[in-house]
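Chemist: What follows is a protein structure lacking sequence information:
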């Protein structure tokens, strides 16, 4: 329980920070095209660098405590959420924005009622990928330097060939992943309840309630 709580704490805080910053920056770059043209290549280049190679640098910057693990987890989540949000905004139907403007909607109203709902499927996809990325970031940080957590436990058990302990950590991570995906499925179903279900087949079954 001790190691589970530490790793989940690092991953959860990193997920929150990475998601919020990723959505804000994605919206900002999507609305201000000049910022996107300037900084998007830089972010893409940084994203192309394997974070495993930079983990020792983050530990030197932030120390061996929780901060370095949270930073690494948040950074990996940020990339997933940012690129998904930015792509979602770029793919919004322009007629929706025009219709909102013709109806007299302000910028904030257009953002809240048009931009965010239209890009929400993309954002949720980024968050779904970010959940796994946050766990990976936390564990990588623990591999590089820690005294507790799943990453430390796996490295410690592997060095002493304690395969049962390694497999138990992997099994717990599997359970955690299933629970988090279940929560995301429920959240996605609620947030996208307005969206019609699409199928490849034209044969739809209608449920008739008597």
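Modeler: Looks like it arrived, so ask away. As the structure is a prediction and not an experimental result, all values here were calculated from the model. Numbering: from 1, shown residues only.
Chemist: for residue 43, what are its contacts?
Modeler: By C-beta atoms under 8 Å, 6 or more residues apart in numbering, the contact list for residue 43 reads 79, 82. Any C-beta I mention is one placed from the backbone N, CA and C, and that applies to glycine too.
Chemist: And residue 56, by the same measure?
Modeler: By C-beta under 8 Å, 6+ apart, the residues touching residue 56 are residue 144.
Chemist: quick check, distance from the helix or strand containing residue 127 to the centre of its chain.
Modeler: Under the criterion of DSSP states H and E, residue 127 resides in helix 116-144. On the basis of C-alpha atoms, centre = their mean, to the nearest Å, helix 116-144 sits 2 Å off its chain's mean C-alpha point.
Chemist: Can you spell out which helices and strands pack onto that helix?
Modeler: Judged by 3 or more C-beta pairs under 8 Å, 6 or more residues apart in numbering; DSSP states H and E, helix 116-144 is in contact with helix 2-31, helix 51-62, helix 66-90, helix 150-159, helix 163-191.
Chemist: Now do the residue positioned nearest the centre of the chain against residue 37, distance only.
Modeler: Nearest to the mean C-alpha position of the chain, by C-alpha atoms, centre = their mean, lies residue 130 at 2.4 Å. Distance, residue 130 to residue 37, by C-beta to C-beta, to the nearest Å: 25 Å.
Chemist: Next: residue 55.
Modeler: 30 Å.
Chemist: same thing with residue 47?
Modeler: In this view, residue 47 and residue 37 are 17 Å apart by C-beta to C-beta.
Chemist: next one: residue 178
Modeler: 41 Å.
Chemist: likewise residue 117?
Modeler: For residue 117 relative to residue 37 (C-beta to C-beta), the value is 26 Å.
Chemist: The two - which one has more neighbours?
Modeler: With neighbours defined as other C-beta atoms under 10 Å, residue 117 and residue 37 compare such that residue 117 has more, 15 against 10.
Chemist: what sits against the more buried one?
Modeler: Here residue 117 is in contact with residue 194 (C-beta under 8 Å, 6+ apart).
Chemist: Kindly report the same for residue 134.
Modeler: Counted by C-beta under 8 Å, 6+ apart, residue 134 has contacts 11, 12, 14, 15, 18, 73, 74, 76, 77.
Chemist: Those residues: which two are farthest apart?
Modeler: Of all pairs drawn from those, the greatest distance, 13.6 Å, lies between 12 and 76 (C-beta to C-beta).
Chemist: out of these two, which sits in the busier spot?
Modeler: Set side by side, residue 12 and residue 76 show more neighbours around residue 76, with 25 against 17, by other C-beta under 10 Å.
Chemist: Does the more buried one touch residue 132 like I think?
Modeler: No. Contact between residue 76 and residue 132 fails when scored by C-beta atoms under 8 Å: they sit 9.1 Å apart.
Chemist: What count of nearby residues applies to the nearest residue to residue 9 once chain neighbours are set aside?
Modeler: If the residues on either side of it in the chain are set aside, residue 9 comes closest to residue 66, at 7.3 Å by C-beta to C-beta, 6 or more residues apart in numbering. Residues contacting residue 66 under the criterion other C-beta under 10 Å number 18.
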